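>>> I'll drop the sequence and a predicted model, then ask my questions.
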Amino acid sequence: MSRHAVAGPGDPAGSLRQLCRSACSELGMSGATIVVVGGNTAEVRYATDPVGAHLAQLQVIVGEGPVADTMRSGCAVLLAELDDLSLQSRWPLFLPLAAETVASALFTLVLPAGTSRIGVLALHRTVPGPMVAGTFATARRFASSASRLLLAEQRPYLTEDQGTTKPGFRLANPEIHQATGIIAAQLDVRMDEAFLRLRSRAFTDHRRLAGLAGDVVAHRVRFDHRAASP
Amino acid sequence: MMWHGEDVATTGHQRLLDTFVELADTLTDDFDVIEFLQLLVDRCVELFDVDAAGLLLTDAGGELRLVASSSEHGPFLELFQLQNEEGPCLEAFDLARPVEHADLAIAGERWPRFSAAAVDAGFVAVQALPMRLRARVIGALNLFRHHPGDWDPAMVRTAAALLDVATIGILQHRSIHSQHVLTEQLQAALHSRVVIEQAKGLIAERAGIDVTTAFDALRRYARQHNRKIGDLAESVIAGRFEPGELLGDSRRGHHRR
């Protein structure tokens, strides 16, 4: 069964897309992004637009931001104005980068699963301003439904594919982790340090993580003493 | 891609969200499956360009049984009885995919008895969406319209999403305890995938091969030695396992499936 089919019954991925779209229109947002967080990675599972995916990726690069804070605390972060200078001290690296995007407001809510958390629903708007009064509870309900769809999406894999060689989670940008492995070999360091090096380079070179990772995989960029071919 | 409020435009209702919410809120003490499915069919009529709706579930004997209906009108109810013989629901059920018709008056020989009965009851456009639980189809949602015409794909997608949330709601209610397990497994699946990609990169760089070849070697070794690929990848990353050993083994290529 194709995972890319249009939304239909028994197609949690399609329903997740539909739910994100409904959330945008109901909550007056420009985009919705579902981020699944596990260990030290945050994977974009679905984004209605590239801006949301980019905002999530920026937070992975700099290692700070509302997604991580929401994951840690379980509390929503509501940023009515991304270029609010009084917030700079909270996320000194993330906010200046976020302000360069078309997004002007960003709201992150936890994706609950019982007492644990599986990720974050991030909503952004190109127009600044708080969430419309009375819609916060609604946003939380959307987050709750999204959690259920994410878990439901795992069910067929868990029940039918257990013990096989195909884990059920599809990564949006597998090259990021491939590049991490390559860098670990080039520098003879552990994976977490290799990932940190990749993120640092993306930050200093002002590049997207996936793009830089793609260059590493294609041997256009090296991290060891041997000079990279430009 | 930007979103232009497709749902609001097509349904013309703010009630859609409430329905998503209502269907997700199944964790009450007095949860009743029939009432819950009744809510689904009622909301379909309210929200969409639909005049009647019914939901069929398979019973223990494999028969499709009507469990919720927006109307108790006799001729309408007979349409569901007929669908154990022929009709869009039976087809949606068998094919495990949505089945629709824009004008039953010209459906011809496709479902002769069902079409005639539907037209007699005043319904000419029909939509059937399968209700899936994992790989199994457990029922179907049937939507009817008095006027002919193509079904709006956006509306159908939204109805399908509602049906999905409802199915999950039922499942959820029955397996609240398994939720914690699922959460852990989701995290494990994510972790495992990340580790495999990292191992691919590590092996590729050490052995001077590309990541696809590295993955093939990893997978082949896992099969030959009856190991899970995620565990093997974990060993590679932890340095307990030399990439050379992996490639040497794969090049010999014994025990290949």
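Looks like it came in fine.
>>> Could you list every helix and strand in contact with the longest helix along chain A?
The residue-count maximum for a helix in chain A (DSSP state H) belongs to helix A:136-160. The contact analysis (3 or more Cβ pairs under 8 Å, 6 or more residues apart in numbering or on different chains; DSSP states H and E) places helix A:136-160 against helix A:12-27, strand A:31-38, strand A:105-113, strand A:116-125, helix B:15-24, helix B:153-174, helix B:178-207. For the C-beta atoms, the positions are set from N, CA and C on the backbone; glycine is no exception.
>>> mind running it again at 6 Å?
Under the contact criterion of 3 or more Cβ pairs under 6 Å, 6 or more residues apart in numbering or on different chains; DSSP states H and E, helix A:136-160 touches helix A:12-27, strand A:105-113, helix B:15-24, helix B:178-207.
>>> could you check the angle strand A:105-113 makes with that helix?
On the basis of axes from the mean of the first three to the mean of the last three Cα atoms, to 10 degrees, helix A:136-160 is oriented at 50 degrees to strand A:105-113.
>>> Buried residues, the helix or strand just after helix A:136-160. List them.
Once helix A:136-160 ends, the next helix or strand along the chain (criterion: DSSP states H and E) is helix A:174-187. Of all the residues in helix A:174-187, those buried under the rule 16 or more other Cβ atoms under 10 Å in any protein chain shown are A:174-186.
>>> For the residues you listed, point out the one with the lowest pLDDT.
Across those, the smallest pLDDT goes to residue A:174, namely 90.
>>> Look up the closest residue to it, ignoring the ones flanking it.
residue B:197 (4.8 Å; Cβ to Cβ, 6 or more residues apart in numbering or on different chains).
>>> Quick one: the buried residues of helix A:174-187 as CSV, columns for distance to residue B:169 too.
Formatted as CSV, these follow (distance: Cβ to Cβ, whole Å):
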residue, distance to residue B:169
A:174, 33
A:175, 37
A:176, 35
A:177, 34
A:178, 38
A:179, 41
A:180, 39
A:181, 41
A:182, 44
A:183, 44
A:184, 44
A:185, 47
A:186, 49
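>>> Would you tell me which one of those comes nearest to chain B?
For the buried residues of helix A:174-187, the residue nearest chain B by Cβ to the nearest Cβ is residue A:181; the value is 2.4 Å.
>>> That closest one and residue B:196 touch, don't they?
No. Between residue A:181 and residue B:196 there is no contact under Cβ atoms under 6 Å: 9.5 Å.
>>> Check residue 96 and give its pLDDT.
No chain specified, so I'll use chain A. Reported pLDDT for residue A:96: 92.
>>> that's the wrong chain, I meant chain B
At residue B:96, the model reports a pLDDT of 86.
>>> Please report the distance of it from residue B:216.
Relative to residue B:216, residue B:96 is positioned 33 Å away (criterion: Cβ to Cβ, to the nearest Å).
>>> Check residue B:124 too.
In this view, residue B:124 and residue B:216 are 55 Å apart by Cβ to Cβ.
>>> Which one's more surrounded, these two?
Higher neighbour count among residue B:124 and residue B:216: residue B:124, with 21 against 14, using other Cβ atoms under 10 Å in any protein chain shown.
>>> Low-confidence ranges, chain B, go.
Along chain B, the parts satisfying pLDDT under 70 run over B:1-14, B:22, B:24-32, B:60-62, B:134-135, B:171-185, B:249-257.
>>> Tell me where it has helices.
Counting by DSSP H, chain B has helices at residues B:6-11, B:15-24, B:33-47, B:74-82, B:88-95, B:112-120, B:153-174, B:178-207, B:211-224, B:229-237, B:243-252.
>>> Name the residue closest to the centre of chain A, please.
Centroid-nearest residue in chain A, with Cα atoms, centre = their mean: residue A:44, separated by 3.5 Å.
>>> is it fair to say that one lies in a helix?
No. Read with DSSP: H, G, I helix; E, B strand; the rest coil, residue A:44 is strand and lies in no helix.
>>> List the contacts of it.
Contact analysis of residue A:44 by Cβ atoms under 6 Å, 6 or more residues apart in numbering or on different chains lists A:35, A:53, A:56, A:172.
>>> out of the residues you listed, which is most surrounded?
Within the contacts of residue A:44, neighbour counts (other Cβ under 10 Å) peak at residue A:35, which reaches 30 neighbours.
>>> Do I have it right that that one meets residue A:120?
Yes. The pair residue A:35 and residue A:120 qualifies as a contact (Cβ under 6 Å) at a distance of 4.7 Å.
>>> overlap in contacts of these two?
Residues touching both residue A:35 and residue A:120 (Cβ under 6 Å, 6+ apart): residue A:67.
>>> circling back: kindly calculate the angle that the longest helix of chain A makes with helix B:153-174.
Using the same axes, to 10 degrees: helix A:136-160 against helix B:153-174 is 70 degrees.
>>> quick one: which two of the buried residues of helix A:174-187 are the most distant?
Greatest spacing in the buried residues of helix A:174-187, by Cβ to Cβ: A:174 and A:186 (18.5 Å).
>>> Just grab the bridge partners of the closest residue to chain A within the stretch 1-150 of chain B for me.
The minimum distance from the stretch 1-150 of chain B to chain A, using Cβ to the nearest Cβ, falls at residue B:132 (2.5 Å). Legend: beta-bridge partners of residue B:132 under DSSP bridges are residue B:137.
>>> distance of it from residue B:163?
Going from residue B:132 to residue B:163 by Cβ to Cβ gives 9 Å.
>>> again with residue A:177
35 Å.
>>> re earlier: mind checking the helices of chain B for the one nearest to residue A:134?
Per Cβ to Cβ, nearest to residue A:134 of the helices of chain B: helix B:15-24, 11.9 Å.
>>> And for the closest one, what's in contact with it?
With Cβ under 6 Å, 6+ apart as the criterion, helix B:15-24 contacts A:26, A:141, A:144, A:145, B:7, B:43, B:47, B:165, B:166, B:169.
>>> would you list those in JSON lines and tack on neighbour count and distance to residue B:211?
Listed next are these as JSON lines, based on neighbours: other Cβ atoms under 10 Å in any protein chain shown; distance: Cβ to Cβ, whole Å:
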{"residue": "A:26", "neighbour count": "22", "distance to residue B:211": "41"}
{"residue": "A:141", "neighbour count": "20", "distance to residue B:211": "41"}
{"residue": "A:144", "neighbour count": "20", "distance to residue B:211": "37"}
{"residue": "A:145", "neighbour count": "27", "distance to residue B:211": "36"}
{"residue": "B:7", "neighbour count": "26", "distance to residue B:211": "40"}
{"residue": "B:43", "neighbour count": "23", "distance to residue B:211": "48"}
{"residue": "B:47", "neighbour count": "22", "distance to residue B:211": "47"}
{"residue": "B:165", "neighbour count": "26", "distance to residue B:211": "38"}
{"residue": "B:166", "neighbour count": "27", "distance to residue B:211": "41"}
{"residue": "B:169", "neighbour count": "23", "distance to residue B:211": "41"}
